[in-house]
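Engineer: Sequence plus predicted model, see below.
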Amino acid sequence: MKTLTLAFLFALPATGTPVQAASHEHENHHDMAAQQAVATHAGTGVLKAVNAKDGKVQIAHEPIAELNWPPMTMWFALRDPLPYDLKAGDAVRFELMQDEKKQWMIVKIGRK
Ligand SMILES: [Cu+2]
């Protein structure tokens, strides 16, 4: 009987602790998700076309291992106006991030 009582007493804090730990991890998970949302990824490629009016560029990019992207040609939104010295045909290096709508946006671009 003594053993059963002890086991019961020890069981109380034991069941309480994992619940607290789980909710703490949950908060950490949200912090990590927020950090990932603003993470930038570096890429290289060739500038294929510029749509200055809509603030977009088409880039034939090389693989981006971090994102598991194969090489492809695609349009990206520009966060800032394109540097004046860049034109179609230029080799470029750039940095990408996802905007609040999860669309990929170039936040930095320059000649490679
Ligand atoms: Cu792509």
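Structural biologist: Perfect, thanks for sending it. Numbering: from 1, shown residues only.

Engineer: and the strand ranked longest in the chain, which residues are buried?
Structural biologist: Identified as the longest strand of the chain according to DSSP state E is strand 41-51. When burial is assessed from 16 or more other C-beta atoms under 10 Å, strand 41-51 yields the following buried residues: 43, 45-48, 50. C-beta coordinates here come from the backbone N, C-alpha and C atoms, glycine included.

Engineer: Repeat that for stretch 63-70.
Structural biologist: 64, 69.

Engineer: which residues make contact with it from outside it?
Structural biologist: Contact with stretch 63-70 is made by 41-43, 61, 71, 96, as judged by C-beta atoms under 8 Å, 6 or more residues apart in numbering.

Engineer: got the end-to-end distance for stretch 98-112?
Structural biologist: Stretch 98-112 has its terminal residues 22 Å apart, counting by C-alpha to C-alpha, to the nearest Å.

Engineer: model confidence over it, on average?
Structural biologist: Average pLDDT, stretch 98-112: 93.

Engineer: Okay, buried residues for it please.
Structural biologist: So, applying 16+ other C-beta under 10 Å, buried residues of stretch 98-112: 104-106, 109.

Engineer: wait, Pro83 sits on Lys108?
Structural biologist: No. At 9.9 Å, Pro83 and Lys108 do not qualify as touching, with contact defined as C-beta atoms under 8 Å.

Engineer: before we move on, back to that, can I get the buried residues of strand 41-51 in CSV including distance to the ion and pLDDT?
Structural biologist: Putting the buried residues of strand 41-51 into CSV (distance: C-beta to the ion, whole Å; pLDDT from 0 to 100) gives the following:
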residue, distance to the ion, pLDDT
Gly43, 8, 97
Gly45, 9, 98
Val46, 13, 98
Leu47, 14, 98
Lys48, 12, 98
Val50, 17, 96
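
Engineer: What is the nearest of those residues to Trp75?
Structural biologist: Trp75 has its nearest neighbour among the buried residues of strand 41-51 in Lys48, at 9.2 Å by C-beta to C-beta.

Engineer: so what's the closest one up against?
Structural biologist: By C-beta under 8 Å, 6+ apart, the residues touching Lys48 are 57-60, 73, 88.
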